[in-house]
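**Q** build me a model:
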Amino acid sequence: MVDALASGASDRTVVEVRVLSWAPSYLSKFSALVPDPSGNGLNFFQIVSVYVALGLWTACYLSIYILRLAAGIVVATLRPGDSSKMDVKAQLSSALALEAEAKYSASFGAFSALLEKRPENFGALMGAGRCAVRNGDFPAAIEFFSRAVAVRPNKAAPVIRLGQAQENKDLAAALRTYERGRAKFPTDERLKRLVSAARLKMGIDGAEFDLDAELTNPTQTEKVLRAALNQRIAALSETEIVEYNRRIAEVFPLDRTRVAYAQALVSARKFETAARVFGEVSNQGSARVLLGQAVCAGAMEDYAKAEAFLRQHMETGEGEHAFLGAAAAFLDSSPDLKPAIHVLEGLDCSGDNSAIGNLIEFASRIMPPRRALLKGGILDSEVRLSEEGQSGAAVLAFAGFARRTGAMPFSMIDRFFAGYGVSTGSFYDSRAKLFWDGLDTLGGTLDASISGLRQRLDANNLDRVYTIGTSGGGVGAIVWGCELEARRVLSFSGPTDIRIEFLKQNDDARGQAAIHALNKRLDDSQLNLRAWLEARHKRSPIRMIFCENEPLDAVQANNIAHLPEVSLCPVARYAEHESVSSALGTGDLLREFDSILEDVHHG
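**A** Modelled structure (predicted):
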């Protein structure tokens, strides 16, 4: 026993040694108690005593063995390390179950609690990162995925997740992450595709990318093709955009590709084909599908069906702002406004000053045209001017990067002002440079384009100009408005400084692909509209319209608020970048248009 203890044996071993050493002495003592009458060897009693002793010894040994097993179970149960491992597995399973049920806030809390105990638990780091993305907390997601990369440097999954989270805040950082991952995991096809898509978004490989050839490449992905299409969309005609979307939907027959194809058809005003494609989407309850179907039904004057689609859209939970855009598009597609307005009146049950009520009031102010309406769409030509109206005034609308005038289609703007004899014009920049370098249709450079536009306006006896721009089009409205000495400029959520360093200072990570492309195409004097305005001796009155609850647009508007010609119009209730439909819902859009009409009337 002493030797056992000296050698560092456990208590179990000591007990076993005691038993084994005790058994022979017990047998000798027991046999000594039984006399041997014959003296000729073991007698009957001695034999019995031996067997009894062996039986007792065996029973003792088995008892000790059973006690050892029980002791092992008790020790394992009480050992802190093993208990902790069981707890970690249980917590991780619970957090994963919450994530599977789409309870992302609760799941994030469960993953975070586990990480307080085990900061390097890979499963918890990845889970917390995924839930942070779902909750829109991209900085937190980046932190968790970065830690996961450090914990498991030989896995590609956390690298991919990290890059995808970074894309929402810093596309350049995401590309660096993907390229590092590609160098470390050269056979990972997903990283290869992500690198290609990120390079296209940043305009690095756009010129070399053959979209037509890649559409027939069986290894190409939808994400890369979509990025390539978006890079060159400004230079494409409406027909080409429709065709490329058709081909992508053909190669990747998914709901989202069919919806994109159908929306392109709606923009091209091919409503019957669009309705058929919308009908092929499996999720007919999707808000985008319902909106598209309502627009198509209105265009085909099936107002009962349009009303049914709009009612379903209201029930999707997309919110008031989304419905305003849907209703405006429905009105625009409808050949006859009276039955379309009647449909909206049947949907409006919100009382006074409701968003739908303000939309109805705007639509009710559209009078029969006093001049011919512009035909076709905004993408038919870089510059379109209506014929001369009776007022001698023109409202010129500049499309944003998405080549739209916000949620209010240009054709609705044209219809509104045509009823008051005011001419209109639409502009889009096929070179995607925010109108800074002029338009090819008018002469190529900014100076030549302004001169060419003046000549066209003079030819139509239009001596009073008003400019309107949405988002990126707000830059065109301000710059061209000042050059043309416009009587009033309306900029809806237009930027005033898009230098990358300025945007980073204000934590503005919107439109990463477009921002990086513009910072390559334009110089600092064009990226910084504030400096351009400050350097001018004469500026037109500028109205900056933005949603008061959208802080990033508020920063851009306040950036030039110190200039005496600038006034701010924060739109109440909404927190959207798309402020045209917001102003439509609050009545601000009609008030701004009425102020233009009043100025036109007073000459």
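**Q** show me the helices in the stretch 501-603 of the chain, by range?
**A** Using DSSP state H, counting those that start in this stretch, the helices found in the stretch 501-603 of the chain span residues 512-521, 524-527, 529-535, 551-558, 579-586, 588-602.
**Q** so which of those helices is the most surrounded?
**A** helix 579-586 (a mean of 28; mean count of other CB atoms under 10 Å). Yep, even glycine has a C-beta here, placed from its N, CA and C like the rest.
**Q** quick check: phi and psi at the residue positioned nearest the centre of the chain.
**A** By CA atoms, centre = their mean, the chain has its centre lying nearest to residue 168, at 7.3 Å. Main-chain torsions, residue 168, degrees, to the nearest 10: phi -80, psi -20.
**Q** now it: closest residue in space that isn't a chain neighbour?
**A** Among residues not flanking residue 168 along the chain, residue 138 sits closest, at 4.6 Å (CB to CB, 6 or more residues apart in numbering).
**Q** residue contacts, that neighbour?
**A** Taking CB atoms under 8 Å, 6 or more residues apart in numbering as the criterion, residue 138 is in contact with 132, 165-166, 168-169.
**Q** where does the prediction get shaky in the stretch 251-400 of the chain?
**A** Residue ranges of the stretch 251-400 of the chain with pLDDT under 70: 348-353.
**Q** now for the contacts of residue 138, which sits with the most neighbours around it?
**A** residue 165 (27 neighbours; other CB atoms under 10 Å).
**Q** any idea which helix or strand carries that residue?
**A** helix 157-167 (DSSP states H and E).
**Q** now do that helix: which elements does it pack against?
**A** Using 3 or more CB pairs under 8 Å, 6 or more residues apart in numbering; DSSP states H and E, the elements in contact with helix 157-167 are helix 122-134, helix 138-151, helix 171-184, helix 189-201.
**Q** tell me the mean pLDDT over that helix?
**A** For helix 157-167, mean pLDDT is 92.
**Q** CA atoms of it as PDB?
**A** Listed next in PDB are the C-alpha coordinates belonging to helix 157-167 (Å, rounded to 0.1, in the frame of the first residue of the first chain):
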ATOM      1  CA  ALA A 157     -16.500  29.400 -44.900                       C
ATOM      2  CA  PRO A 158     -15.700  32.200 -42.400                       C
ATOM      3  CA  VAL A 159     -13.700  34.100 -45.100                       C
ATOM      4  CA  ILE A 160     -16.700  34.000 -47.400                       C
ATOM      5  CA  ARG A 161     -19.000  35.100 -44.600                       C
ATOM      6  CA  LEU A 162     -16.700  37.900 -43.700                       C
ATOM      7  CA  GLY A 163     -16.500  39.200 -47.200                       C
ATOM      8  CA  GLN A 164     -20.300  39.100 -47.700                       C
ATOM      9  CA  ALA A 165     -20.800  41.100 -44.500                       C
ATOM     10  CA  GLN A 166     -18.100  43.700 -45.600                       C
ATOM     11  CA  GLU A 167     -19.900  44.200 -48.900                       C
END
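**Q** what's in contact with it?
**A** Under the criterion CB under 8 Å, 6+ apart, residues 125-126, 129-130, 132-133, 138, 141-142, 145-146, 148-149, 151-152, 173-175, 177-178, 180-181, 184-185, 190-191, 194, 198, 512 lie in contact with helix 157-167.
**Q** re earlier: surely the residue nearest to the centre of the chain and residue 511 touch.
**A** No. Applying CB atoms under 8 Å as the test, residue 168 and residue 511 come out as separate, 11.2 Å apart.
**Q** ok, back up a step: would you mind finding the most buried of the helices and strands packed on helix 157-167?
**A** Most buried of those by mean neighbour count (mean count of other CB under 10 Å) is helix 122-134; its value is a mean of 23.
**Q** helices or strands up against that helix?
**A** helix 80-100, helix 104-117, helix 138-151, helix 157-167.
**Q** and those, which one is worst for confidence?
**A** The bottom spot among those, by mean pLDDT, belongs to helix 80-100, with a mean of 79.
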